[in-house]
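*Asks:* just to be clear, the model below is a prediction. Sequence and coordinates:
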Amino acid sequence: MTDLAIIIVSWNVWDLLRAGLAAIEGDTTPTDDRHVRRFGPHGDATLQVIVVDNASSDATPSLLPTQFPWVRTVLSDENLGFTGGNNRGLQVAGVQMAGCKSQSGSPTDLQPAICNLPSPPRFIYFLNPDTEVLPNSLWTLYQAIEADERVGAVGPLLLYGDGSRQGTRRRFPSPLSGFLESTWTGRLWPNNPWARRYHVADWPDSVRQDVDWVVGAALMVRSEALDQVGSFDERFFMYSEELDLCKRIKQVGWRVVYDPNAIVIHYEGRSSGQVSTARHIHFNRSKVLYYRKYFGPIWAELLRQFLLLEFRWQIWVESTKAALGSQRPLREARIETYREVVKSGLRMNEE
């Protein structure tokens, strides 16, 4: 049994993944088992790293197994999304999760024997492929969750590539938050009280504190908590999945903690940024799904219609700017993206 399993889901970001794995390698030491490494001041704890590659077309599938043989590499022949990839990593790590069913209610595709693997890691660290753990960050975050048996999940301070801070602490959204955060209206009224509450603007980010949830780019979770609440809900292909997971973790009584003493660099959006249209659709579709799951169908439908109206408005704005001769190629690309979002209806695939 290892103390910690780091799970990384990657898609076409080989250079960033390589840098992130090199940082982990530099902060750990090998053991006799090539898949197990030690970390901490005196090698006090053990870890394994599992990378699930979501059918990348770059150098990842060919170079990852050879350049990082200590990593357990899982090469998927299809893009499972962030949630599906992480759930596959959990299965490989041997974490038993609520009867081996996903939170969408459908059984996993594993053989029963895998669901009953003994001695899973005590903790799981979900890391984005565009992250880089700074020296001692692993040990600091590990101590934050290992030292208090009430903590079910913990997240570090994230820094952008330029060294500025990325806001990672959150409160759970209220019904109005979805209309006033990461929307056109939110940009028109950035200091509205709903967005400020959501981003914990009333509390400094320089102190360790209990929060509702933390951004999933770097999220360490207790396996015991996952055993209670289950894995990621795969209906959230990407975005809002960590919000949903932390919601379920807190609902059964665990604490979620933000610890700024552990620092991770996050080169945000390098995977999702490759497909702008899909990013917009997944982000907003996941918001609607969360609202349906926790606020009911009426609030979810109100939010869906509002978001579609917002994209229609942006089509009109970009069309006007293009007609006036302002950066026409850019405007036309945005118009095409926004039309595809409207065409999707922001509905789930099963709807």
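*Replies:* Structure received. Note that this is a predicted model, so its numbers are computed, not measured.

*Asks:* all strands of this structure, in order?
*Replies:* For the chain, the strands defined by DSSP state E cover 4-10, 29-30, 37-39, 45-54, 72-76, 123-127, 131-133, 151-159, 165-166, 169-170, 209-210, 213-214, 218-222, 255-266.

*Asks:* contacts only, for Val264.
*Replies:* Val264 sits next to 127, 131-134, 137, 156-159, 217-218 when contact means CB atoms under 8 Å, 6 or more residues apart in numbering. The way it works is simple: take the backbone N, C-alpha and C, and place the C-beta from them, glycine included.

*Asks:* hmm, try it at 6 Å
*Replies:* By CB atoms under 6 Å, 6 or more residues apart in numbering, the contact set of Val264 is 131, 133, 137, 156, 158, 218.

*Asks:* next one: Ala19
*Replies:* Ala19 touches Glu132, counting by CB under 6 Å, 6+ apart.

*Asks:* thinking again about what came up before, could you single out the nearest of the contacts of Val264 to Asn86?
*Replies:* Ala218 (12.8 Å; CB to CB).

*Asks:* my guess is that closest one contacts Leu157, does it?
*Replies:* No: when contacts are counted by CB atoms under 6 Å, Ala218 is not listed as touching Leu157 (9.2 Å).

*Asks:* please tell me how far stretch 62-77 is from the chain's geometric centre.
*Replies:* Between the mean C-alpha location of stretch 62-77 and the chain-wide mean there is a distance of 21 Å, by CA atoms, centre = their mean, to the nearest Å.

*Asks:* to clarify, my last question referred to stretch 297-316.
*Replies:* 24 Å.

*Asks:* list the buried ones in it?
*Replies:* Under the neighbour-count criterion of 16 or more other CB atoms under 10 Å, stretch 297-316 has 299-300, 302-304, 307-308, 310-311, 314-315 buried.

*Asks:* check stretch 252-271 too.
*Replies:* So stretch 252-271, judged by 16+ other CB under 10 Å, has buried residues 254-260, 262-268, 270-271.

*Asks:* also stretch 327-335?
*Replies:* 331, 334-335.

*Asks:* okay if I get these as JSON lines plus pLDDT and distance to Val341?
*Replies:* Listed next are the buried residues of stretch 327-335 as JSON lines, based on pLDDT from 0 to 100; distance: CB to CB, whole Å:
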{"residue": "Arg331", "pLDDT": "92", "distance to Val341": "16"}
{"residue": "Arg334", "pLDDT": "92", "distance to Val341": "11"}
{"residue": "Ile335", "pLDDT": "94", "distance to Val341": "11"}
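
*Asks:* and the residues you listed, which is closest to Pro173?
*Replies:* The closest of the buried residues of stretch 327-335 to Pro173 turns out to be Arg334 (CB to CB; 26.4 Å).

*Asks:* not counting its neighbours along the chain, what's nearest that closest one?
*Replies:* Excluding its sequence neighbours, the residue lying closest to Arg334 (CB to CB, 6 or more residues apart in numbering) is Glu318, at 4.8 Å.

*Asks:* count of neighbours near that neighbour?
*Replies:* Residues lying near Glu318 (other CB atoms under 10 Å) number 22.

*Asks:* how about Tyr290?
*Replies:* For Tyr290, the neighbour count with other CB under 10 Å is 24.

*Asks:* now do stretch 73-90: distance to the chain's middle.
*Replies:* 13 Å.

*Asks:* and the average pLDDT for it is what?
*Replies:* The average pLDDT for stretch 73-90 rounds to 94.

*Asks:* do the same with stretch 313-320
*Replies:* 95.

*Asks:* same question for stretch 236-254.
*Replies:* Averaging pLDDT along stretch 236-254 gives 96.

*Asks:* extract the C-alpha trace of that stretch and format it as CSV.
*Replies:* Provided in CSV are the C-alpha atoms of stretch 236-254 (Å, rounded to 0.1, in the frame of the first residue of the first chain):
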residue,chain,number,x,y,z
PHE,A,236,-19.7,16.5,-15.8
PHE,A,237,-17.3,15.9,-18.7
MET,A,238,-15.2,18.7,-17.4
TYR,A,239,-15.8,21.8,-15.2
SER,A,240,-17.8,21.8,-12.0
GLU,A,241,-16.8,18.2,-11.3
GLU,A,242,-14.7,19.2,-8.2
LEU,A,243,-17.5,21.5,-7.0
ASP,A,244,-19.9,18.5,-7.1
LEU,A,245,-17.4,16.2,-5.5
CYS,A,246,-16.6,18.6,-2.6
LYS,A,247,-20.3,19.2,-2.2
ARG,A,248,-20.9,15.4,-1.6
ILE,A,249,-17.8,15.2,0.7
LYS,A,250,-19.1,18.0,2.9
GLN,A,251,-22.6,16.6,2.9
VAL,A,252,-21.5,13.5,4.8
GLY,A,253,-19.5,15.5,7.4
TRP,A,254,-15.9,15.9,6.1
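
*Asks:* name the helices or strands packed onto the longest helix seen in the chain?
*Replies:* If you go by DSSP state H, the chain has its longest helix at helix 297-323. Applying 3 or more CB pairs under 6 Å, 6 or more residues apart in numbering; DSSP states H and E, one finds that helix 297-323 makes contact with helix 276-295, helix 328-344.
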